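Chemist: predicted model and sequence below, questions to follow.
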There are 2 protein chains.
Amino acid sequence: MSQLKCLLLSNLKHVKAYRTGHTRLQHRTFASSTWLHLRTTELDSSNLSGLKVDSSRLWDTIHSTAKWTSKTFSEDIKHAGLSRLALTDEDKSARDWFISTTESLGCKTHVDQMGNVFAIRPGLNSEKPATFAGSHLDSQPSGGRFDGVLGVAAGIEMLRVLNDNWIETEGPVGVVNWMNEEGARFPVSMQGSSVWAGRVPLEKAWAVRSVSAGARDATVKEELERIGYLGDVACTSGKEGTPLGAHFELHIEQGPKLEKATQKVGIVEGVQAYKWYTCTITGREAHAGTTDLASRADALSFAGILMARVRGIASNLKGLATVGMLQVSPGSVNTVPGKVTMSLDLRNPEDRGLRRMIQKLEEFIWIVNEGVLPPSYQPQKKMVTQEELAKYAKQRENPLTRIQIDLREDFASAAIKFSDEAIGCIQESAKSLVGERNIQLITSGAGHDSVCTSMHCPTGMIFVPCKDGVSHNPSEWCEEEDCAIGANVLLHSVLRMDRLRKERGDFD
Amino acid sequence: MSQLKCLLLSNLKHVKAYRTGHTRLQHRTFASSTWLHLRTTELDSSNLSGLKVDSSRLWDTIHSTAKWTSKTFSEDIKHAGLSRLALTDEDKSARDWFISTTESLGCKTHVDQMGNVFAIRPGLNSEKPATFAGSHLDSQPSGGRFDGVLGVAAGIEMLRVLNDNWIETEGPVGVVNWMNEEGARFPVSMQGSSVWAGRVPLEKAWAVRSVSAGARDATVKEELERIGYLGDVACTSGKEGTPLGAHFELHIEQGPKLEKATQKVGIVEGVQAYKWYTCTITGREAHAGTTDLASRADALSFAGILMARVRGIASNLKGLATVGMLQVSPGSVNTVPGKVTMSLDLRNPEDRGLRRMIQKLEEFIWIVNEGVLPPSYQPQKKMVTQEELAKYAKQRENPLTRIQIDLREDFASAAIKFSDEAIGCIQESAKSLVGERNIQLITSGAGHDSVCTSMHCPTGMIFVPCKDGVSHNPSEWCEEEDCAIGANVLLHSVLRMDRLRKERGDFD
């Protein structure tokens, strides 16, 4: 190792100051020779420790990009939130910024057929798939500023740190902005990464229609075209698309565990299983003033019963159940609703647990629809009393009170475990940055794009604490310091993975 | 009485045939002298019995006007239904038809500031307020073809029968099409007649905004202007507006009582009390995958609990409770709802019963909002258990689980009793037409425009049976024969009232 390099390693901050005079063109010229550059193979644990993100620059990226929102919820930045539904004009602005920024940092960018945007910074061997930092820039209709955004902003901060410090990676590194992770406007979560991973067909994803009252009624494909993000690169992990060498995602925890334990970094071991359904309850419209309660088939009243039942099932099986959307038909003050359509989000840390939840739900639906116990029913479980069963049998017998429930599965995500290699890179990085006592191993309650990437490349996730565990809410909040800690772990993990991949011959 | 008049009375059908050669112009000429006309004072019980509506002409009016609908629900006429929300283009077409038809039958028409349309056929003394048949042409979003329409169509059939039979009434008679009886699009039922009756201020009614997803987002006044029905006659029962001499309304029962008893005519003694509320439940938005059930303030889940509670209160107090509209915010599959807004329709045959229902509801809301028992609470009523109270206290204590309920009263209608005079006219007519055993005295479960008119003039309502008691539903059905029976009772009741008014000097 040359003396200069030793100097660089010993005082990265100093070097950074010294180098600020260079233009990007000069940087590229230097890149063709390597004598002035640091290689990741030279950045072992002790050498890496001096390499840090610029905390206030990262903070500025997060909040300045929040101007692309359809709504600001409060003048107080801690409650200002973000409303950037996928493929809206606001999302287009954020995407345009992502491309211009990463290109200005020396990346090549491309957009695939699902509007996923990849920015790739060349490495010594740029033929091979890059090691990515990734997340998403879309938000919930009344979401926070950190969910998704933090991961992308930290990826861009990573690019800046690499440039500032003249670091040359062995393979390329990149940042990816996945399309429609939230599934808020188009009700399929992790939609872009799911198509990329081959678990949702492209044509099916394109045909999904907006369900958000606040956004244009159109399909995914129509909106991709409209905002100019219908790319021509195949949306696949194969060679004709965008293969990934590895994927790291920094994200707020969206739960209370780190905060409760006053710990700084969550290392995500896996993600719980979940399924999304559309549930339709059909009763009978009737006049609210003249139809006695006993002669009603009130679809909304029954929706209340079904919600309580599903919540009970989830609670018994250590899972979660949520009805987030519900439409009432015909929707008139003095008409008993004849139809309710609602979403149903069921989760469980274990696939087996989720299956049991679904079985119990299906058994209950059978009882309501048929008025008898289902063939699979185990009487010892005492899911319904004789009295309830008689009630549902009677309800079904009379055409005036008959309720019909239909359940359609929209989306399923099995429980997943992340790669040991990726977890190892995060673990080493976190340990050296914040110490073991500040680290917690966590199972993620939420789905993330990393679920999809984990099917095709080593994938890991880093969690940082968020206030009260709150997210999907304008009050979602992560302290500047915690954002920076997470971004440092991300940066180091990507560099460690680059070195690991070099060592095992990925770039030969 | 002249010989010719005796002939007329003895065989009205014969006279009708004899008169068909005359044109309307001739009719008008005749009208200036009275020797050829029948006066209602000459139509006593026995003479009236021969005077009948044309059943198939009435049936045709009902179904041919159903072409002005935004939707036809089935090709089978028995389920085709009607969707004609107030002040939509379809409603405008029906209104235009109402005006052109009544004018062609010799009526003068005018529109008041709320878009109520009055058609008046002159009598021997046309200075005095007319005796009206009235109802409404607007419908529920997925409504039937008889609710409202039958009353207006029967009013028009009445005009035709009077013309066909050269009957000259003592005072004028009229038909009125009241604006927005349903309260489906603009959520105030009997809106036009309520302003007319002085129980809702004009400006307030004008400002009400459409709540129907399927119709233009606009205020009542904007829509009145747009479709050309913002009249310049004051909307009031006073002399500067449109005073009514009496009001009779034919309507389907919208309940099962007549059908069950195989009776033909319901004589409505009064209408039950009701109130409409908007109920807002505020919880906290949260991520569906990461927020455990115990840390949620799920506004929709709580809406289910509130609905069950209100239904229980109604059931205990022999009343009715209906939630017909419900909106969830923010409305995303994987976000725990932070806010629910829902309508609430409470009814009771007695004002006192309705007051008790509301008191119980307000007590429950107090418990949820405050976490303690309300001052008015009577422990012996055991409305909440100690366990529930503790649950709500705990829920309130924790800002993460706190639920807040707000209740806003939108509309109130006290229980009312109809006029003995009007009931008498209907009773005599029904008795002579269908016999006593086919008549039932009924309290109406639904509000009607007659509730409003009853505050200012003798008012009566006639019910006819409808299939399964179903209404506010495309399957709402009334047999042709039953429509005609009702229309005959309406016709005779109006003529009896005209005679009664003459006798007591109304037209002197």
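Modeler: Cool, got the structure.
Chemist: could you look up the SS state of residue A:98?
Modeler: Assigned state for residue A:98: helix (three-state reduction, DSSP: H, G, I helix; E, B strand; the rest coil).
Chemist: and it, how close does it get to chain B?
Modeler: 23 Å (CB to the nearest CB, to the nearest Å). Bear in mind the C-beta positions are built from the backbone N, C-alpha and C, glycine included.
Chemist: same question, residue A:117
Modeler: For residue A:117 relative to chain B (CB to the nearest CB), the value is 23 Å.
Chemist: please name the nearest non-neighbouring residue to that residue.
Modeler: Distances taken as CB to CB, 6 or more residues apart in numbering or on different chains place residue A:177 nearest to residue A:117, at 4.6 Å, with adjacent residues excluded.
Chemist: tell me the contacts of the one you found?
Modeler: Residue A:177 is in contact with A:95, A:98, A:116, A:117, A:134, A:135, A:136, A:137, A:152, counting by CB atoms under 8 Å, 6 or more residues apart in numbering or on different chains.
Chemist: out of the residues you listed, name the ones that lie in helices.
Modeler: A:95, A:98, A:152 (DSSP state H).
Chemist: for the residue nearest to residue A:117, give me phi and psi.
Modeler: Residue A:177 adopts backbone torsions of phi -110, psi 110, taken as degrees, to the nearest 10.
Chemist: for it, give me the pLDDT.
Modeler: Listed pLDDT for residue A:177 reads 98.
Chemist: give me the buried positions along the strand or helix carrying residue A:221.
Modeler: Here residue A:221 is covered by helix A:220-226, with elements defined by DSSP states H and E. The neighbour-count check on helix A:220-226 (16 or more other CB atoms under 10 Å in any protein chain shown) flags A:220, A:221, A:222, A:223, A:224 as buried.
Chemist: quick one: the first one and residue A:85 touch, right?
Modeler: Right, residue A:220. No - contact between residue A:220 and residue A:85 fails when scored by CB atoms under 8 Å: they sit 12.0 Å apart.
Chemist: secondary structure element for residue A:258?
Modeler: helix A:257-260.
Chemist: how far off centre is that helix?
Modeler: Here helix A:257-260 is found 20 Å from its chain centre; the criterion is CA atoms, centre = their mean, to the nearest Å.
Chemist: buried ones in that helix?
Modeler: In helix A:257-260, counting by 16+ other CB under 10 Å, buried: A:257, A:258.
Chemist: does chain B sit close to that helix?
Modeler: No - Helix A:257-260 does not reach chain B (CB under 8 Å from any CB of the partner chain); its nearest approach is 9.3 Å.
Chemist: below-threshold pLDDT in chain A: ranges please.
Modeler: Scanning chain A for pLDDT under 70 picks out A:1-36.
Chemist: just want the most central residue of it.
Modeler: For chain A, the residue nearest the mean C-alpha position is residue A:448 (3.1 Å; CA atoms, centre = their mean).
Chemist: chain B contacts on the stretch 1-150 of chain A?
Modeler: Checking the stretch 1-150 of chain A against chain B by CB under 8 Å from any CB, the hits are A:140, A:141, A:142.
Chemist: ranking these by neighbours, who comes first?
Modeler: Comparing these by number of neighbours (other CB atoms under 10 Å in any protein chain shown), residue A:140 comes first, having 30 neighbours.
Chemist: which SS class is that residue?
Modeler: Applying three-state DSSP: residue A:140 is coil.
Chemist: residue contacts, it?
Modeler: Here residue A:140 is in contact with A:83, A:147, A:182, A:184, A:472, B:285, B:330, B:332, B:335 (CB under 8 Å, 6+ apart).
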